[in-house]
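[1] here is a sequence with its predicted model. Questions after.
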Amino acid sequence: MTGVHATFDAFGSYAFLAVRRPEALGAALALAQRVVADVDATCSRFRDDSDLTRANRQPGRWVDVDPLLVAAVAVARGAAEESGGLVSPLLGRPLVQLGYDRDLAELPDVTDVPDLPVDVPAPDAWRAIGLDRSGRIRVPDGTALDLGATGKAFAADLVATAVERELGVPAVVSLGGDVRVAAPDGRPWSVAVSEHPGAAPATTVWIDRGGLATSSTQVRRWSRAGVTRHHLLDPRTGRSAPEVWRTVTATGPTCVAANTASTAAVVLGDSAPDWLAARAVTARLVASDGAVRSLGGWPADTSREAS
Amino acid sequence: MRERGQRSRPVSYDRRTRDRFRLVVTGVTGAVGVTAVTVTGLLMGLASRDYAEQQADQQATNPTPAPQAKAKAKARQHRAPKLIQRPHVTRVTVRYVTEGSSNPVGSGGSVTSAPAQSSQSSQPAQAAPEPAPAPAPEPEPAPAPSSGS
């Protein structure tokens, strides 16, 4: 931990927090870690004791859960609405059937398992998710929740809100690459964009407010029956999205909005630029061959991308 | 620890009150885990116990209470809250959820390849005579990483 920024582990990935005033770092870090711990305890698909896991065990029935999970699923359902179902919270079963049934660090490559068909949720199944903000949820029959698409972004927005409300200090948080500015003060924050955690940045940009998120097919990959998968599923097929764009970075008013845009773009493939442009999203798309395309005023790369 | 009432209250109480609340929630959560009782239930339980003790004292001093007092005591007992067992905890973090779940996709902040000069950091056009030494600039943090993850 240095004077103005700190890092810690979160959601099987990394977390980064920076503040303008060094004296606020300790309190901001404690808040961020608390939020991350709460979101993980309620929303993780890889924890037997999480509220999400309990809800998934009883599809079709109302289950008492923490209101925090209800809020997270409401946000995920909102992302589905915004994206026309391209970013779905009901891909839990296909992910498990494709082999992503535990934390990726524990996921072995399996070759002796046949490639089985997956249960593709109905296109609008997410509309049938029952939500009671006082603390109940109903997962539609035949489906299972997975908040991998929006969970980290939701948590980043929560951290930013917590820091802003409790401490009132300008800050920036990144949870596994999902970035959100808190208490914007007009001074921009630098963001290093890369495909892999820990990789050399492909470019560095500066943002003054809102959110920024990167979705990539190059991480969270595994193989089953000799077929390599990645975690960004197309809800229309229940399979890993074709890799037209291997990495998309997008901005938005919130981190969830940015993440919805970047994930939807990967799923959309060829039609992603038009979809993003129609929504005035500032974005950077990296094609499968490494070619970079910028949209909505995204600046030219500060360094060449390593293909 | 389930705190439904707390969640919906406006954030108007002061920091000390909030921190005390958080301390209680954290402490009880850690102590009893997922089979926790609510703070409300706990307080209700304490109130209920106090009330029972009062009743016992009254009966000891007045073993045959008047019918009117008896009815009053019965009515009170009827109103006495029950200890509520909740199977799960409620995260204090939920208070930071903003109203509504909509996060419309669209333009966010400005994205630039270099930090724009803010008015705070710009130098005055006319140098003042014998300016006071400027404070040391705050250290710049490392860039926030954004990668696929």
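    Good, I have the coordinates. Numbering: from 1, shown residues only, chains lettered A, B, ... in the order given.
[2] tell me the contacts of whichever residue of chain B sits closest to chain A?
    Of all residues in chain B, B:Gly148 sits closest to chain A, at 2.3 Å by C-beta to the nearest C-beta. The C-beta positions use only the backbone N, C-alpha and C, and glycine is treated the same way. By C-beta atoms under 8 Å, 6 or more residues apart in numbering or on different chains, the residues touching B:Gly148 are A:Gly177, A:Glu195, A:His196, A:Pro197, A:Thr214, A:Ser215, A:Ser216, A:Thr217, A:Gln218, A:Val219, A:Arg220, A:Thr247.
[3] and if we set it to 6 Å?
    A:Glu195, A:Thr214, A:Ser216, A:Gln218, A:Val219, A:Thr247 (C-beta atoms under 6 Å, 6 or more residues apart in numbering or on different chains).
[4] what does A:Val256 give?
    Contacts of A:Val256 by C-beta under 6 Å, 6+ apart are A:Val75, A:Thr150, A:Ala153, A:Phe154, A:Asp157, B:Asn103.
[5] helices or strands up against the helix or strand where the fifth one lies?
    Assigned by DSSP states H and E, A:Asp157 falls within helix A:151-166. In this structure, helix A:151-166 makes packing contacts with helix A:25-43, strand A:171-175, strand A:178-182, helix A:255-268, judged by 3 or more C-beta pairs under 6 Å, 6 or more residues apart in numbering or on different chains; DSSP states H and E.
[6] ok, of the contacts of B:Gly148, which one's closest to A:Leu131?
    For these, the residue nearest A:Leu131 by C-beta to C-beta is A:Thr214; the value is 28.5 Å.
[7] one step back: report the buried residues of the helix holding A:Asp157.
    Under the neighbour-count criterion of 16 or more other C-beta atoms under 10 Å in any protein chain shown, helix A:151-166 has A:151-164, A:166 buried.
[8] one more: stretch A:277-297?
    Those would be A:Arg279, A:Val281, A:Thr282, A:Ala283, A:Arg284, A:Leu285, A:Val286, A:Val292, A:Ser294, A:Leu295, A:Gly296, for stretch A:277-297 by 16+ other C-beta under 10 Å.
[9] what pairs with the fourth one across the strands?
    Read that as A:Ala283. For A:Ala283, the beta-bridge partners are A:Ala250, A:Leu295 (DSSP bridges).
[10] re the thing from before, dump the helices and strands packed on helix A:151-166 to JSON lines, plus mean pLDDT.
    What follows is these, written out as JSON lines (pLDDT from 0 to 100):
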{"stretch": "helix A:25-43", "mean pLDDT": "97"}
{"stretch": "strand A:171-175", "mean pLDDT": "98"}
{"stretch": "strand A:178-182", "mean pLDDT": "97"}
{"stretch": "helix A:255-268", "mean pLDDT": "97"}
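[11] which one of those lies nearest to B:Val94?
    Nearest to B:Val94, of the helices and strands packed on helix A:151-166 and by C-beta to C-beta, is helix A:25-43 at 7.9 Å.
[12] and the pLDDT for residue 12?
    Let's take chain A. Confidence at A:Gly12, expressed as pLDDT, is 87.
[13] the chain in question should be chain B.
    For B:Ser12, the model assigns a pLDDT of 42.
[14] same deal with B:Pro124?
    46.
[15] same check on B:Ala31?
    37.
[16] buried sites along whichever strand or helix holds A:Arg229?
    In the assignment (DSSP H and E), A:Arg229 maps to strand A:227-230. Within strand A:227-230, the residues that count as buried by 16+ other C-beta under 10 Å are A:Arg229, A:His230.
[17] ok and the residue in the stretch 101-250 of chain A nearest chain B?
    A:Ser216 (2.3 Å).
[18] list the beta-bridge partners for that residue.
    Bridge pairing for A:Ser216 - DSSP bridges - gives A:Thr247.
[19] from A:Ala28, how far off is it?
    28 Å (C-beta to C-beta, to the nearest Å).
[20] tell me the two of the contacts of A:Val256 that are most distant?
    A:Thr150 and A:Asp157 (9.7 Å).
[21] and the contacts of A:Val256, which is closest to A:Asn259?
    A:Ala153 (3.7 Å).
[22] for the closest residue to that closest one other than its chain neighbours, what are its contacts?
    Leaving aside its sequence neighbours, A:Ala153 sits nearest to A:Asn259 (C-beta to C-beta, 6 or more residues apart in numbering or on different chains; 3.7 Å). Contacts for A:Asn259 (C-beta under 6 Å, 6+ apart) come out as A:Ala153, A:Asp178, A:Ala213.
[23] please redo it, this time with the cut-off set to 8 Å
    A:Asn259 sits in contact with A:Ala79, A:Ala149, A:Thr150, A:Lys152, A:Ala153, A:Asp178, A:Gly211, A:Ala213, A:Ser215, A:Ala250, A:Gly252, where contact means C-beta under 8 Å, 6+ apart.
[24] now those as a markdown table including distance to A:Leu131?
    Shown next, in a markdown table, are the contacts of A:Asn259 (distance: C-beta to C-beta, whole Å):
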| residue | distance to A:Leu131 |
| --- | --- |
| A:Ala79 | 14 |
| A:Ala149 | 17 |
| A:Thr150 | 14 |
| A:Lys152 | 20 |
| A:Ala153 | 19 |
| A:Asp178 | 23 |
| A:Gly211 | 23 |
| A:Ala213 | 24 |
| A:Ser215 | 25 |
| A:Ala250 | 26 |
| A:Gly252 | 23 |
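[25] lowest-confidence entry in these?
    Comparing these by pLDDT, A:Ala149 comes last, at 90.
[26] surely that one meets A:Gly85?
    No - counting by C-beta atoms under 8 Å, A:Ala149 does not reach A:Gly85; the two are 11.7 Å apart.
[27] pLDDT wise, what is A:Ala272 at?
    In this prediction, A:Ala272 carries a pLDDT score of 97.
[28] show the pLDDT at the closest residue in space to A:Asn56 that isn't next to it in sequence.
    The shortest distance from A:Asn56 to any non-neighbouring residue, by C-beta to C-beta, 6+ apart, is to A:Ala144 (4.5 Å). pLDDT recorded at A:Ala144 is 96.
[29] the top strand by length along chain B pairs with which strands?
    Counting residues, the longest strand in chain B under DSSP state E turns out to be strand B:144-147. Strands that pair with strand B:144-147, judged by DSSP bridges, come out as strand A:189-194 (parallel).
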